[in-house]
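Chemist: Quick one, structure for this:
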Amino acid sequence: MSTENEGTAVPADHPAAPSTPPTPPTPPTPPSSASASTPTPAAAPTPGSAPVPADPPTVAQAPVPDGAPEPTPAHAPGPGAHAPGPAEAAHAPAPAPAAAGSGWPPPPPTVPAWGAPVPPEHPAPAAPRRRTGGLVAAVLVAALVAGGIGGGIGYWAAQRGDDGVSSTTVSSGEAPASFKREPGTVAAVAATALPSVVTIQAKSGGSQGEGGTGTGFVYDQQGHIVTNNHVVASAADGGTLSVTFPDGKSYDAEVVGRAEGYDVAVLKLTNAPKGLKPLPLGDSDKVAVGDSTIAIGAPFGLSNTVTTGIISAKNRPVASGDGSGGSNSYMSALQTDASINPGNSGGPLLDASGAVIGINSAIQSTGNGFGQSQAGSIGLGFAIPVNQAKNVAQQLIKTGKPVYPVIGATVNMQQQGEGAKIASQGSGGTPSVTPNGPAAKAGLKAGDVITAFGGHPIDSGPSLISEIWTHKPGDQVKITYERDGKTSEATVTLGERTGDS
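Modeler: Numbers count the residues shown, from 1 in each chain. Below is the predicted model of the structure:
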């Protein structure tokens, strides 16, 4: 619907009105009556503007060009009435100038007649474009909404932070519930072995009740526990023994048998619980230098301690005390750098699969030689090979007494570096080579120096004893010896000795 010249004919001899003429200055409110001379009540003054009298003076109608029809008087629009468009305002009658000296108020500005140019002075501001205004309003609303949402989120986060949730790190509780340690890892091996490793408290039968702490492990389901002899020696005669499992349950125990020379002892729980899980036994003969090791024990009374290392050497001749100042024990030991301290004695040395390959027995401590002193680990620990310990344990469970293989000769235990020399005489003036014994049958004599036994080099008396005790009575073993500067070989069939002498 067009708003141009509404109700007014356009002269034919004038050019057509522009479709969108420039916006002229706001015209004065037209008279409300048909007569141009009738005054119109003024609109209410705008706040801050000058007051307008209620009865403005009559304005004269501007002359109409010749030939043009007289414009129809416009009426003041009432509520909801149509406002004149720009073209209509251009054809509205122009008020005549007020007579001189007519007083206040000055006459309103004249509106140019049709076709007259718009005065350049006081240009009216361009009418706002409704579409642009709508777009700007939409952008402002969107910004306000986004700001409100962002503020709400910030407030919520702040409230959450006030509740103590202020860290962005991932807690351990968010780790996958299906996490499992692969078989063969230290954690997996330790988790399997620990329930079968026990802490042993030994107290002597004396008035002082002296004793110590050591370690052992479950050997069978009947309740037998294998440990070192020097762990239980103080309680062997009239003392008491108690065994504590990792779950905290304790049981009384008694000595089944001890082997001082091997430094092995077997205990039995007096009221063994059901469901005991013996540790699997490995093959110490197949152990290689560099293999991983895991030691479990109670160093300095700290039960259920796990340490790791490797096999750093094999066939180490080690002599250690039995803890009571008695006979020494000798072993061709497995050497490990896993931390072993007093209290680890009797505990298992495991391979990477969790099988027992040795019984931790001794450490090298600075200034004190081999033994179980209170010095800490310096990375040289020694374990009885499990093949030897197994044979001894079985014999102790069967008879309660150890059985030792022997060659029937007394060797010098002090000389080192030149092999094991057969002494000139035995203890108490007895012959150094037992008549009709294994050595005598092999042709050995006093003064012979044994330099190899079963293919292993021998550099001292303790190393010879250690190698002999890795075998069983009745085994035939090749030996290499020197006599008068000449090297010879012989085969000896090992004899036996029962019990500790």
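
Chemist: List the contacts of the nearest residue to Thr240 once chain neighbours are set aside.
Modeler: Residue nearest to Thr240 in three dimensions, not counting chain neighbours: Lys203, with 5.0 Å by C-beta to C-beta, 6 or more residues apart in numbering. Yep, even glycine has a C-beta here, placed from its N, CA and C like the rest. By C-beta atoms under 8 Å, 6 or more residues apart in numbering, the contact set of Lys203 is Gly209, Glu210, Gly211, Ser234, Ala235, Gly239, Thr240, Leu241.

Chemist: What distance do you get for Ser312 to Pro435?
Modeler: Plainly put, Ser312 is 43 Å away from Pro435 if you go by C-beta to C-beta, to the nearest Å.

Chemist: got it, and Gly205?
Modeler: For Gly205 relative to Pro435 (C-beta to C-beta), the value is 42 Å.

Chemist: Pull the number of nearby residues for the residue nearest to Ala295 when sequence neighbours are not counted.
Modeler: Leaving aside its sequence neighbours, Ala295 sits nearest to Ala338 (C-beta to C-beta, 6+ apart; 4.3 Å). Counted by other C-beta atoms under 10 Å, the residues lying close to Ala338 total 24.

Chemist: In three-state terms, how would Ala338 be classified?
Modeler: coil (DSSP: H, G, I helix; E, B strand; the rest coil).

Chemist: ok, now which ones touch it?
Modeler: Thr293, Ile294, Ala295, Thr307, Thr308, Gly309, Ile310, Leu349, Gly381.

Chemist: tell me which residues form a beta bridge with Thr308?
Modeler: Ile294 (DSSP bridges).

Chemist: Wait, it touches Thr293, no?
Modeler: Yes - the pair Thr308 / Thr293 is scored as a contact, 6.8 Å apart, by C-beta atoms under 8 Å.

Chemist: show me where the stretch 201-350 of the chain has strands.
Modeler: 211-218, 224-227, 240-244, 250-259, 264-269, 292-297, 305-320, 329-336, 348-350 (DSSP state E, counting those that start in this stretch).

Chemist: Now do the helices in the stretch 351-500 of the chain.
Modeler: Ranges of helices in the stretch 351-500 of the chain, per DSSP state H, counting those that start in this stretch, are 386-399, 438-442, 461-468.

Chemist: Return the residues in contact with the residue nearest to Asp285 when sequence neighbours are not counted.
Modeler: Nearest residue to Asp285, sequence neighbours excluded (C-beta to C-beta, 6+ apart): Asn387, at 5.9 Å. Going by C-beta under 8 Å, 6+ apart, Asn387 touches Asp283, Ser284, Asp285, Thr470.

Chemist: Could you single out the most deeply buried of the helices of the stretch 351-500 of the chain?
Modeler: helix 461-468 (a mean of 24; mean count of other C-beta atoms under 10 Å).

Chemist: As CSV, the contacts of Lys203 with pLDDT would be great.
Modeler: Supplementary listing: those in CSV, determined by pLDDT from 0 to 100:
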residue, pLDDT
Gly209, 61
Glu210, 71
Gly211, 75
Ser234, 87
Ala235, 89
Gly239, 89
Thr240, 92
Leu241, 94
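
Chemist: Make a PyMOL selection of the buried ones in these.
Modeler: Remark: buried members of those, expressed as a PyMOL selection using 16 or more other C-beta atoms under 10 Å:
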select buried, resi 211+234+235+239+241
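
Chemist: picking up where we left off before, Ser312 and Pro435: who's more crowded?
Modeler: Here Ser312 and Pro435 are compared on neighbour count by other C-beta under 10 Å; more neighbours surround Ser312, at 18 against 8.

Chemist: Touching, the more buried one and Gln335? I think so.
Modeler: Yes - using C-beta under 8 Å, Ser312 is in contact with Gln335, at 4.9 Å.

Chemist: Overlap of the contact sets of the two?
Modeler: Residues touching both Ser312 and Gln335 (C-beta under 8 Å, 6+ apart): Leu380.

Chemist: got any ranges where this structure has weak pLDDT?
Modeler: By pLDDT under 70, the weakly predicted segments of the chain are 1-179, 206-209, 321-327, 365-376, 501.

Chemist: Next, the contact list for the closest residue to Asp291 other than its chain neighbours, please.
Modeler: Distances taken as C-beta to C-beta, 6+ apart place Ile311 nearest to Asp291, at 4.7 Å, with adjacent residues excluded. Neighbouring residues of Ile311 by C-beta under 8 Å, 6+ apart: Val287, Ala288, Val289, Gly290, Asp291, Thr293, Leu334, Gln335, Thr336.

Chemist: coming back round to it: return the member of the contacts of Lys203 nearest to Gly443.
Modeler: Ser234 (44.2 Å; C-beta to C-beta).

Chemist: now the closest one: how far from Gly417?
Modeler: Distance from Ser234 to Gly417, by C-beta to C-beta: 36 Å.

Chemist: what sits against Ile310?
Modeler: Ile310 neighbours (C-beta under 8 Å, 6+ apart): Val289, Gly290, Asp291, Ser292, Thr293, Thr336, Asp337, Ala338.

Chemist: from memory Gln415 sits against Lys421, does it?
Modeler: Yes - with contact defined as C-beta under 8 Å, Gln415 counts as touching Lys421 (5.7 Å).
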